[in-house]
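**Q** Model the following, please.
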Amino acid sequence: MSDSILVVDDDRQLTSFLDRFLTKQGYRVHAVGSATQMGLIMEHREFDLVLLDVGLPDIDGFEVTRELRRSSRLPIILLTAREEVYDKVIGLELGADDYVSKPFEPRELLARIRSVLRRSKGASGPPDALPEIRTIRFLGFVLDLPRRHLSGPDSAAVPLTGMEFALLRMLAENAGSVVSRERIMQTVYGRSPNVTDRAIDAHVARLRKKLEGDPSRESFIRTIHGSGYSLAAQSFYE
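**A** As a prediction, the model looks like this:
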């Protein structure tokens, strides 16, 4: 069955175009014009990805993203007419998987949708990933690769977005070594033109918060200034 996409935007001309365009690409598309309508339809239907406008008439897309991330890992691509880098960083920091500025080229949006969906399904792991490895253990955490699931030292599930999972997997597979920003950019983000160093920092910060909780403790995801990041732990493959 084809993937289902929820478009949330109050611009009827845009949603009508996206409905036609994405349907022709083989997706099942449903469009609503507000955050309230989004909440109502998600009570009765499941979607594989949401295209979410930042400037909604009732609740802004940033707040919607924040609320959604408290209970769901549904892939989110934010749409906005604003170009500020700060807005992009905020969106990614809140848990969005990608960020597209309006007006956009339809083929670019399509490529981003396909990329995010691949990441969410685990179809595009790092080139050096070892397919026979099913779990990676570090510091009491268990990263289940086939299920794309992370459990903490207390065995409780730690919810991660597709981007966060890909980033953590890369760090865990290279535990104790420095992973350069360039390598993260290439393998995790696919050299997206909208991804900056600040955006990478935002995703790392979210990952630290989910894994470490207490910001006063020394982080085991270390920032190596001028180089990249390192998971300061020993990892075990199974």
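
**Q** From here on, just use CA atoms for contacts and neighbour counts.
**A** OK.

**Q** Start and end of stretch 15-32, how far apart?
**A** From its first residue to its last, stretch 15-32 covers 8 Å (CA to CA, to the nearest Å).

**Q** so how far is it off the chain centroid?
**A** Distance, stretch centre to chain centre, for stretch 15-32: 22 Å (CA atoms, centre = their mean, to the nearest Å).

**Q** what does that stretch contact?
**A** With contacts defined as CA atoms under 8 Å, 6 or more residues apart in numbering, stretch 15-32 is touched by 2, 3, 4, 5, 6, 7, 8, 9, 10, 38, 110.

**Q** what packs against the helix or strand hosting the fifth one?
**A** Right, residue 6. Element membership for residue 6 (DSSP states H and E) is strand 4-8. In terms of contacts (3 or more CA pairs under 8 Å, 6 or more residues apart in numbering; DSSP states H and E), strand 4-8 is packed against helix 12-24, strand 28-32, strand 49-53.

**Q** what about it, average pLDDT?
**A** Averaged across strand 4-8, the pLDDT comes to 97.

**Q** Could you list the paired strands of that strand along with their orientation?
**A** strand 28-32 (parallel), strand 49-53 (parallel) (DSSP bridges).

**Q** and the angle for that strand with helix 12-24?
**A** Angular relation of strand 4-8 and helix 12-24 on a 0 to 180 degree scale: 170 degrees, by axes from the mean of the first three to the mean of the last three CA atoms, to 10 degrees.

**Q** ok, residue 6 touching residue 46?
**A** No - with contact defined as CA atoms under 8 Å, residue 6 does not count as touching residue 46 (9.1 Å).

**Q** neighbour count winner among those two?
**A** Set side by side, residue 6 and residue 46 show more neighbours around residue 6, with 23 against 12, by other CA atoms under 10 Å.

**Q** Next up, the contacts around the more buried one.
**A** For residue 6, counting by CA under 8 Å, 6+ apart, the contacting residues are 29, 30, 31, 32, 47, 49, 50, 51.

**Q** Any chance of a markdown table for those residues, columns neighbour count and distance to residue 96?
**A** Below are the contacts of residue 6 laid out as a markdown table (neighbours: other CA atoms under 10 Å; distance: CA to CA, whole Å):
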| residue | neighbour count | distance to residue 96 |
| --- | --- | --- |
| 29 | 20 | 20 |
| 30 | 19 | 20 |
| 31 | 21 | 19 |
| 32 | 20 | 19 |
| 47 | 16 | 15 |
| 49 | 22 | 11 |
| 50 | 22 | 10 |
| 51 | 22 | 10 |
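
**Q** And residue 175, how close does it get to residue 237?
**A** Using CA to CA, we find residue 175 at a distance of 11 Å from residue 237.
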